Structure formats: structure tokens, C-alpha cells
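A.B. asks: Quick check, what structure comes out for this input:
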Amino acid sequence: MAARGSGGTSRWNPWRIVRWIGIVLLLLVVGVPLLFYAAFMGIQEASERQWLGQAPQHAAIDVRSRQPHPVALLDVGFDSLAVRLRMIEEARESIELEFFIYELDEASRLITQALARKAAQGVKVRILVDFALPIFKLAPHYARTLEAAGVQVRYYNTSGLARFFAMQHRTHRKLLVVDRKEAVIGGRNIGNDYFDLSPHYNFLDSDLLIRGEIASAIVDSFELYWASDWVTNPKDLAADAGAAGLDLLAQPTAAEDALRAELKAHKPQHSFTTCNDTHFVTDYPGSGVERRRVYTAIAQLVSEARQRVIVESPYLVLRDDGVGLLQSVLQRGVKLQFLTNTLHSTDAFYAVASLSDSLDRLNLPNLEIWGYNGRPLKQGDRPPASERWGVHGKRAVFDDRTVVVGTYNMDPRSANLNSELIVICRNNPTLAATMTQSLQARLKQSRPITGTANAGGYSALIEGADADAIFQMRMVTPFASFLDFLL
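C.D. replies: Presented below is the predicted three-dimensional model:
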């Protein structure tokens, strides 16, 4: 008889099969989740905590001026679109645009056609748009059409899934600058829903219109991004042959001509004040926390606050370090008031899931969190274009004197992954009062989530949302704290 393992046959052992099935099940139930967890912790470390060396230095990323700067808040989307078209029309030398989202709709056609007209007149026109694939629309065949019309287009960070770490870094900056003299920065991308034109859903947002030397500094930062290694010429990408879609430069329709005429005749409802201490801060191009400067500037303002801070952000996703910063301020007696979205007023159910998971630890003295109820807000003479609205402004008022407007959301992605920008106007009670009045109007159409006697907590956060949105939020809530570094 041959011994086992010596090439002879052996008796079938059912317990061996059972043991192997048990091992496989154990690997599936325990091993795969552990590998998944380890992989994402690696992504977190690589995306958020990587250190690429000495922090880059460039004069354009931090510029402070005490020269007088006329500034105005643009809180109404239609006003902001009218101002942008007026700025483009008046351009004589150069126009720079940089956006996270460049949609293909009526608003983008109006702006793009205005840019092409100026390019035909010899004005230098450049567009830098982020290449985040889930939302990217300005494909290479559109870029070729624009290039033929004299408008230069570049893409920021075309990394694909093969470079998962790198593709997490995006430029979230939003700017329009004309002739290095006048700029608009703020939360609005290019699309109908940012300018009160969508029949389905619109954003309540805020931009800052600035005139003066800071506009030139903003262009310097644009030049830094335009020339960076993260930028790709569309002609260097594979051609999207046969792609069809909206022709951005086609003959305007009768409806578009009417809208253009309405915008040209429109008188935006904003007034200028003078900022005598204007500070522009932006992040340096590229990934790595040493390149993130906006978070540091905001944290400094928070640490200097003495009485109260009012903040508007479409998302409120706070990790331990963010909660720690809030606690340090609250313990000094500073009152903090946040305006953000409820589940009904946003499609970002994953961000609301993270907030819902954090409500207990955010139930702190001197801290109020309010959620927008999703209804239209009376703005100007035009009737609301949609029945559903959400807040999208990225702004704050410190101690009724200092104002911040920019692209920074209250979430880990803005703090650690994205390139952002802000403009700070210090010691301007008039501008602070104007912004506070705007914030209060939005707060009146919001409900308290935490921090007040009638705060509704989780119920207030989901009130008004449909069943599908609630189901989606509940499905991702168990993973919210696990994946919050990507939110």
C-alpha cells in the first residue's frame, strides 16, 4: 500500500472539504473587508497626508493689498450672469476663466459666444476647466471648436483611474478676470442652475466682484495653474471622433436672443463698498497637503474670532481635526452659526449622511447648525425658475467686520485634496452687514438642526426629502465616517 503523499490514492475526507469551505467563507467575510479597509486607508494616506517635499513658494498664492478696492456681493444668480457678460463685453486685452464645472446649456452658450466674439476682436481669451470625469462636459471636440474661434482651452488633471491617487486632486477654483483690472470669484460654476435659469433646481450662491490690483494677482495665480504640469492641451488627448452634442457657437435661438437682451437690459441689484485690506489666498497647483494654503488662512481667521462667526457652505463634513478646531473656538465663548443643506435641498446625499452621522458630537454649546428648507427665495423682480433650491455659497462673516468669499467648502476634500481660493476683506463693517443680511434671509428659510431649543436634529435634516433620497442616504451612512476624506 502506498503512503499518502507518495503518489498513491487516498481515501476521500469530507472534513477536509468542510475545512476548506470554512476558510474560504472566513476570507470572504473577514479578509475581503479588511483588505478593502486597508486599501482605502492607503488611499487616505496617499491622497491626504502625503508630503511631497518643501512647500512650494510663489508670490501669486498669497497677496495682500491695502490699496482701495471697490467690491460688491453678487448674491443673485441672474445678476451674476449679467455682470459676467458685461465684463466680457467690455474686455479690451485679456479674459481668463477657470472653473470646476463648465456645463453645456443656455448659460454656457451665452458666455462662450460672448468669449468667441471678443477673441475675434483680438482679445486674448483662455479657459481652464477641471477634468473630473463624473462632471466633465467640455470635451476635446468642443475645445477644437473654441480654438478655431480663437479661444484657448486647457484641462486640469486628466489623470484616469489608473492613477487613482492623483485623480483625487482637482482644481475647484472659480474665477473670471478681465484686463487684469476686474474679477469675479466665488461659488458659481458655468451652468443654468448657478444663474437661476434651471426649471428643475437652482443654487443660492454668492460671488465677489472686485476692482483693483488684486485682480492682477488673481491672474498671476491663473498663469501659475495654466503653466503647471497638471495642465493638458486638449489636442494631446485622444480625439472623441463622432461625438455629438450642443453646439456652443451655433446661431442663437430666438429664446436665447431674448434671454441675452433681457440680461443686457438687466440692472443687477448690488452696491459697491471699498475694501482697504484685501487678501487673496489660493492653493498651489498639485496634490499634497503642503500645497494647501486656503485651509490655513481660514483656520487663522477662526482662531482670531472673538464674538461670532456665520458660515455658509453647501456641505458640512467635519473630521476630528475640524471638530477640535471648532471646540477650541467655542470654548472661548465665540458663537458659531452654520448654514448648510438639508437632504431635500441637495443631491449630495452622501454629505448629508456624513452630517447625520456627526450630529451627536456637534451638539455643542454656542454652535448652531441650520439646514435650508429647499424652497425658492424671493430675489429681485424675476419669478423663481424652479420650485427646489439649495445653498451653494462658500462664505463667512467674522465678528461683523471681516468677510470671506471663495470656493472652499467645509469638507475634507477642500481642506486636503482640492485647489481652492478665497478673498478676505478685513475691517469692513458695511460689507459684513450686507453679507449678514443676505445670510439672515437664507436662514429665515432654514430650520435648526442643532443648537437651539427647537432644533429638530435628524428629523429636520431629512424633512421634505423623497423616499429615494432618504434610502440612498441611509445606505451610505454606515460608510460616511469611513470614506469622509473623499467627501
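
A.B. asks: Between the two ends of stretch 308-319, what distance do you get?
C.D. replies: 22 Å (Cα to Cα, to the nearest Å).

A.B. asks: Tell me how many other residues surround the closest residue to P384 other than its chain neighbours.
C.D. replies: Excluding the flanking residues, the one nearest P384 by Cβ to Cβ, 6 or more residues apart in numbering is P376, at 3.5 Å. Every C-beta, even on glycine, is put in place using the N, C-alpha and C of the backbone. Counted with other Cβ atoms under 10 Å, residues neighbouring P376 total 16.

A.B. asks: I'd assumed S386 was in contact with P376.
C.D. replies: Yes: assessed by Cβ atoms under 8 Å, P376 is found in contact with S386 at 7.2 Å.

A.B. asks: so what sits against both of these two?
C.D. replies: Among the neighbours of P376, none is also in contact with S386 (Cβ atoms under 8 Å, 6 or more residues apart in numbering).

A.B. asks: What helices and strands are in contact with the helix or strand hosting V323?
C.D. replies: V323 is located in helix 320-330, with elements delineated by DSSP states H and E. Where contact means 3 or more Cβ pairs under 8 Å, 6 or more residues apart in numbering; DSSP states H and E, helix 320-330 is packed against helix 294-304, strand 335-341.

A.B. asks: closest one to L316 among those?
C.D. replies: Between L316 and the helices and strands packed on helix 320-330, the tightest spacing by Cβ to Cβ is seen for strand 335-341, at 4.4 Å.

A.B. asks: Direction included, what does the closest one pair against?
C.D. replies: strand 308-312 (parallel), strand 367-372 (parallel) (DSSP bridges).

A.B. asks: which one of the ones you listed has the most crowded surroundings?
C.D. replies: strand 367-372 (a mean of 24; mean count of other Cβ atoms under 10 Å).

A.B. asks: what about that strand, average pLDDT?
C.D. replies: When pLDDT is averaged over strand 367-372, the result is 98.

A.B. asks: just checking, next helix/strand downstream of it?
C.D. replies: Taking DSSP H and E, what comes next after strand 367-372 is strand 389-391.

A.B. asks: Just list what whichever helix or strand comes after that next one packs against, helices and strands only.
C.D. replies: Moving toward the C-terminus from strand 389-391, the next helix or strand (DSSP H and E) is strand 395-398. When contacts are defined as 3+ Cβ pairs under 8 Å, 6+ apart, strand 395-398 sits against helix 294-304, strand 308-312, strand 402-406, helix 429-444.

A.B. asks: hmm, 10 Å instead?
C.D. replies: helix 294-304, strand 308-312, strand 335-341, strand 402-406, strand 421-425, helix 429-444 (3 or more Cβ pairs under 10 Å, 6 or more residues apart in numbering; DSSP states H and E).

A.B. asks: Make a markdown table out of these and add distance to L367.
C.D. replies: Formatted as a markdown table, the helices and strands packed on strand 395-398 follow (distance: least, Cβ to Cβ, whole Å):
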| stretch | distance to L367 |
| --- | --- |
| helix 294-304 | 13 |
| strand 308-312 | 10 |
| strand 335-341 | 5 |
| strand 402-406 | 19 |
| strand 421-425 | 22 |
| helix 429-444 | 15 |
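
A.B. asks: looking at these, which one has the lowest mean pLDDT?
C.D. replies: Minimum mean pLDDT among the helices and strands packed on strand 395-398: helix 294-304, a mean of 94.

A.B. asks: tell me the angle it makes with strand 308-312.
C.D. replies: Angle of helix 294-304 versus strand 308-312, following axes from the mean of the first three to the mean of the last three Cα atoms, to 10 degrees, is 150 degrees.

A.B. asks: Return the set of buried residues in helix 294-304.
C.D. replies: V294, Y295, A297, I298, L301, V302 (16 or more other Cβ atoms under 10 Å).

A.B. asks: OK, contacts around the residue lying closest to A250 once chain neighbours are set aside?
C.D. replies: Among residues not flanking A250 along the chain, R109 sits closest, at 8.0 Å (Cβ to Cβ, 6+ apart). By Cβ atoms under 10 Å, 6 or more residues apart in numbering, R109 lies in contact with E103, L246, D247, L248, L249, A250, P252, T253, E256, L259, R260.

A.B. asks: Sort out for me which of those are in helices.
C.D. replies: Mapping those onto helices (DSSP state H) picks out E256, L259, R260.

A.B. asks: Now the nearest residue in space to the last one that is not next to it in sequence. Its backbone dihedrals?
C.D. replies: Counting by Cβ to Cβ, 6+ apart, L110 is the residue found nearest to R260 once chain neighbours are left out, at 6.0 Å. Main-chain torsions, L110, degrees, to the nearest 10: phi -60, psi -50.

A.B. asks: What lies in contact with the helix holding V323?
C.D. replies: With Cβ under 10 Å, 6+ apart as the test, helix 320-330 has contacts from 295, 298-299, 302-306, 309, 316, 318, 334-336, 338, 358, 361-362, 364-367, 410-412, 415-416, 481, 484.
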